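Asks: mind looking at a prediction? Sequence and model below.
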Amino acid sequence: MSNLTKSQTPVHDDPGQHEEYMLEPVPWHARRSWWAMFVIWVGFGYVPTGLIVGGQLAGQGGTPGMTFGDALFSIAVGEGLLLVLTFLLGIAAMRTGLNLSLISRISYGKKGMIVPMLIMAMLTLGWFASIVGMVGAIFDVAVGDLTGIIVINGLTLEYVLLCLFWGAVFTWSAWKGIKAIEKISGWAAPFVLVVAIGAAALMISEFGGFGNVISEANTRDGMSYGTGITIMLGAWIAGVIMGVDIFRYAKTKNHVFIGAAACFILTNPLLNIVGYIGSISTGDSNFITWMTTKGALLTALGVILWVLSLWTTNMSELYCNALYVGPAAESAGKRIPRGRIVIVVGAIGTILGSLGFYSYFFADFITVLGAAFVPLAGPILADYFIIRPDEYATANPNDMPPVRWPAIISFLVGAAFGVTTQYWVELPFDFPAGFGALILTFVLHIVLSKAMAHRAEQRQVVSEGFVSPARERIS
């Protein structure tokens, strides 16, 4: 009997006793509450890219920007698209109980999913390393260069040591699993939101009022809607796809929407606006940096806020990374315990973060994300809602054919299209490159699936004795 069939027997409620359901669906008795979805996504959504994107829309550093009204429009469209994508993927995760890797086995094939999952593993490793660097940087600003020792590339000893320390803390938290993510997010989320709003009000006051902010904002120009929306998508598309690994714990579609809305209606738009205002009023989109110049009290408050907010995000990055590496390795014939993956990848990410990955690679990293990797979700969405919806209730992902070519081909074409239209050939009407690539991949997957329907690997799989979590709930 496979792990997927065994998991339907409600023996334990603790995800940790099931390797966080890395190789099996989450049964209904192990699902979390709507409040858990809300606080996890508030915490997950609080990542500095929201501030950075706001600064980019404001034209921070003399780069092309846009007026406040245009920025609000770009934020609304970008966050709206992210909300819809997250909700649709979340529904698939909630109904099946499958993580991204196991869902991808149905779309890409048991071995075909290895490539997209390794890509996701690299992306989450990059994010983990970047966030470790962000935490080290804010402590470095607050503490200063006490020793005068430069380790490498202008990085101080304090920065390196702080990165190593916090990287270890984040790794330990991810090793503890979904319950630790829920617990830390639960008490961090309200504090983070209140301080962010308060900091925005103080920055506006210091600049002479909101009218002065708007007057200065109206001088910003040069950035198109398409570029602004693509930046929005690029900053968060990895998080959208990672959402599958969180929403498999949801109980209903309403819980999925609550989680998605917590991120893309509440937390992330707030950060975009605060980052925009900060860039206009202080020249820096990161209000935490501004707080460190306003005395010991605000400095301490800013550092605490920074650590709490990034702690919740980085736990999730590493938690999801193991859910990509583990099933990909299992598909290749190698079983690796989840805890071992978390520790090894966490160590690698911590070292990269301490060596300045955030400072040297982060900006290009999120731009390429938006252009090339959005199409990952295309075959999954097309499969679940159009091509083979019944298979998700009848098929054990372990029984999938090795490769399903429509998904592989459509993803590769979509990724190439995204990069091309982002860097060399712009789409008409400033249409976002990443979203255009997703649409192309979605449509191409449907066309190729119909054209290749006669092939053996395209036939619907029905696994004898398999009971999906959706059917378990009904029974």
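Replies: Nice, thanks for sending it over.

Asks: which residues sit against stretch 318-328?
Replies: 19-20, 22-23, 99-102, 105, 113-114, 117-118, 120-121, 124-125, 128, 170-171, 174, 177-178, 181, 242, 245, 336, 338, 341-342, 345-346, 349 (Cβ atoms under 8 Å, 6 or more residues apart in numbering). Backbone N, C-alpha and C define where each C-beta goes, glycine included.

Asks: doesn't Gly226 make contact with Asp70?
Replies: No - assessed by Cβ atoms under 8 Å, Asp70 is found out of contact with Gly226, at 11.8 Å.

Asks: quick one on the thing from earlier: which ones among the contacts of stretch 318-328 map onto strands?
Replies: Taking DSSP state E, every one of these sits outside strands.

Asks: now Val151. Its backbone dihedrals?
Replies: phi -90, psi -50 (degrees, to the nearest 10).

Asks: one more: Ile152?
Replies: Dihedral angles (degrees, to the nearest 10) for Ile152: phi -160, psi 140.

Asks: thought it was touching Ser359?
Replies: No - here Ile152 lies out of contact with Ser359, judged by Cβ under 8 Å, at a distance of 11.4 Å.

Asks: strands of the chain, start to end?
Replies: With DSSP E as the criterion, the chain has strands spanning 150-152, 155-156.

Asks: for those strands, which one ends up most surrounded?
Replies: For the strands of the chain, the largest average neighbour count (mean count of other Cβ atoms under 10 Å) is found in strand 155-156, namely a mean of 20.

Asks: what does that strand rub up against?
Replies: 140, 145, 147, 149-150, 354-356.

Asks: got these as JSON lines, with pLDDT and distance to Asp430 columns?
Replies: Listed next are these as JSON lines, based on pLDDT from 0 to 100; distance: Cβ to Cβ, whole Å:
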{"residue": "Asp140", "pLDDT": "76", "distance to Asp430": "38"}
{"residue": "Asp145", "pLDDT": "76", "distance to Asp430": "44"}
{"residue": "Thr147", "pLDDT": "80", "distance to Asp430": "49"}
{"residue": "Ile149", "pLDDT": "81", "distance to Asp430": "48"}
{"residue": "Ile150", "pLDDT": "82", "distance to Asp430": "44"}
{"residue": "Ser354", "pLDDT": "93", "distance to Asp430": "39"}
{"residue": "Leu355", "pLDDT": "91", "distance to Asp430": "37"}
{"residue": "Gly356", "pLDDT": "86", "distance to Asp430": "34"}
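
Asks: tell me the one of the residues you listed nearest Pro64?
Replies: Gly356 (26.7 Å; Cβ to Cβ).

Asks: residues touching the closest residue to Val461 other than its chain neighbours, list them.
Replies: Of all residues not flanking Val461 in the chain, Ala395 sits nearest, at 4.0 Å (Cβ to Cβ, 6 or more residues apart in numbering). By Cβ under 8 Å, 6+ apart, the residues touching Ala395 are 106, 460-463, 466.

Asks: same check on Phe385?
Replies: Phe385 touches 88, 92, counting by Cβ under 8 Å, 6+ apart.

Asks: ok, now with 10 Å
Replies: 88, 91-92, 442 (Cβ atoms under 10 Å, 6 or more residues apart in numbering).

Asks: show only the entries of these found in helices.
Replies: 88, 91-92, 442 (DSSP state H).

Asks: the helices in the stretch 151-300 of the chain, which residues?
Replies: Ranges of helices in the stretch 151-300 of the chain, per DSSP state H, counting those that start in this stretch, are 157-176, 178-206, 210-217, 225-247, 253-261, 268-282, 287-291, 296-331.

Asks: so for Gly45, which of those sits nearest?
Replies: helix 268-282 (4.9 Å).

Asks: and the pLDDT for the closest residue to Ile184 other than its chain neighbours?
Replies: Distance criterion Cβ to Cβ, 6+ apart; nearest residue to Ile184, sequence neighbours excluded, is Thr312 at 5.7 Å. Looking at Thr312, its pLDDT reads 85.

Asks: so Val240 sits against Phe264, correct?
Replies: Yes - if you go by Cβ atoms under 10 Å, Val240 and Phe264 touch, sitting 8.8 Å apart.

Asks: what touches both of those two?
Replies: Common neighbours of Val240 and Phe264 (Cβ under 10 Å, 6+ apart) are 81-87.

Asks: Phe429: which of those is nearest?
Replies: So of the shared contacts of Val240 and Phe264, ranked by how close each gets to Phe429 (Cβ to Cβ), first place is Leu81, at 15.4 Å.

Asks: what about that closest one, distance to Trp236?
Replies: 10 Å (Cβ to Cβ, to the nearest Å).

Asks: the more surrounded of the two?
Replies: Trp236 (29 against 22; other Cβ atoms under 10 Å).

Asks: in contact with the more buried one, which residues?
Replies: 45, 47, 49-50, 53, 78-79, 81-82, 85-86, 242-243, 263-264, 268, 366, 369-370.

Asks: tally of neighbours for Ala416?
Replies: So Ala416, with other Cβ under 10 Å, has 14 neighbours.

Asks: correct me, but it touches Ala437?
Replies: Yes - look at Ala416 against Ala437 with Cβ under 10 Å: they come within range, at 8.5 Å.

Asks: who touches both of the two?
Replies: 372, 375.

Asks: related to what we said a few turns ago, just among the contacts of Ala395, which is most surrounded?
Replies: Ile106 (28 neighbours).

Asks: contacting residues for that one?
Replies: Counting by Cβ under 10 Å, 6+ apart, Ile106 has contacts 92, 96, 98, 113, 379-380, 383-384, 387-388, 391-392, 395-397, 399-400, 404, 407, 461.

Asks: for ChimeraX, what selects the buried ones among these?
Replies: Here is the ChimeraX command that selects the buried residues among the contacts of Ile106 (16 or more other Cβ atoms under 10 Å):
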select :92,96,98,113,379,380,383,384,387,388,391,392,395,396,397,399,400,404,407,461
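
Asks: so of the contacts of Ile106, which ones are in helices?
Replies: Those of the contacts of Ile106 lying in helices (DSSP H): 92, 96, 379-380, 391-392, 407.

Asks: per-residue pLDDT, Thr5?
Replies: Value listed for Thr5 in the pLDDT field: 44.
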